[in-house]
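Enquirer: Generate coordinates for the sequence data below:
(one chain, ligands or ions: 2)
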Amino acid sequence: MERPACILEELKQFVVSEAPPTAYYVPDFISEDEESYLLQQVYRSPKTKWTQLSGRRLQNWGGLPHPKGMLGERLPDWLQTYCEKISSLGAFSGKTANHVLVNEYKPGEGIMPHEDGPLYHPTVTTISLGSHTLLDFYTPLSSAEGATPQTEESRFLFSLLVRPRSLLILQDEMYQRLLHGIHGREQDTLTKKVVNLSAAGAEPGEDLNRSTRVSLTIRHVPKVIKTKLMLGKR
Ligand SMILES: O=C(O)CCC(=O)C(=O)O
Ligand SMILES: [Fe+2]
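Expert: Ligands and ions are numbered 1, 2, ... in the order given. Have a look, this model is predicted:
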């Protein structure tokens with residue numbers, strides 16, 4: 001029997017039903033040993049792989065996405081393994097993820113609300129390492145003429161609690177329409193605005209201190225220019 005291109009069937013139990021379509025939150029997607037291994041690989045990478053941004057550090061793997069096509073670079077084995085594992089769940093409609101961003105946030109750091117944009121297949125998958133965070137979601141800025149100026153606060157909709165070792169998958173409206181960001185805080189107070197509390201094993205009113213979080217943002221870039229950098233045996 002032919003394998004269906006999309007087998008998100010086994011992920012259905014992880015849909016966050018309180019959020020717009022579609023967010024999947026998978027707690028303990030990886031083990032503590034895998035988490036230590038991945039952190040070790042991240043921090044073993046050459047210093048030159050890091051780019052310091054305001055409020056976080058970043059490693060880019062797989063090539064730089066570009067409208068004309070990404071000059072593909074072969075992923076290291078430690079990332080390729082997880083790209084394949086997540087892709088086998090059907091997250092990228094049968095394609096295999098070929099791009100990974102590693103973000104490191106110290107307590108108090110974050111990322112401004114943004115869209116991931118059209119250079120990626122409209123699915124983003126994230127493995128969290130080391131610490132939880134709250135991922136905040138926003139309505140896009142209204143382009144309507146004469147619309148009253150909208151503050152970030154008024155556009156805020158809800159948050160997702162992402163624990164270390166979890167996998168988060170966002171597609172459809174969650175990817176295509178809403179913006180996401182992370183407030184630079186050292187501590188999070190969980191409220192009812194955190195819509196996946198029970199799936200993440202937390203209670204409203206709880207305070208959680210952030211420590212250093214490393215996230216692997218795993219995506220598929222459809223338009224790739226094949227290069228020598230992709231050759232070589234595994
Ligand atoms: O660290 C995260 O979970 C979010 C990262 C992110 O939004 C991005 O790299 O585009
Ligand atoms: Fe993003």
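Enquirer: residues of the helix or strand of the chain with the lowest mean pLDDT that come out buried?
Expert: The weakest-scoring helix or strand in the chain, judged by mean pLDDT, DSSP states H and E, is helix 152-155 (a mean of 92). For helix 152-155, burial by neighbour count (16 or more other C-beta atoms under 10 Å) applies to R155. (Glycine included, C-beta is placed from N, CA and C.)
Enquirer: before we move on, what about stretch 71-78?
Expert: 71-75, 78.
Enquirer: Where does pLDDT dip in this structure?
Expert: 1-7, 144-145, 232-234 (pLDDT under 70).
Enquirer: Name the nearest residue to C83, sequence neighbours excluded.
Expert: Nearest non-adjacent residue to C83, counting by C-beta to C-beta, 6 or more residues apart in numbering: A97, 3.9 Å away.
Enquirer: My error: substitute Y175 in the last question.
Expert: P122 (4.8 Å).
Enquirer: what does L231 give?
Expert: R74 (7.5 Å).
Enquirer: same thing with K226?
Expert: With sequence-adjacent residues excluded and distances taken as C-beta to C-beta, 6+ apart, K226 is closest to G72, at 6.0 Å.
Enquirer: who's in contact with the one you found?
Expert: Counting by C-beta atoms under 8 Å, 6 or more residues apart in numbering, G72 touches 62-63, 98, 224-227, 229-230.
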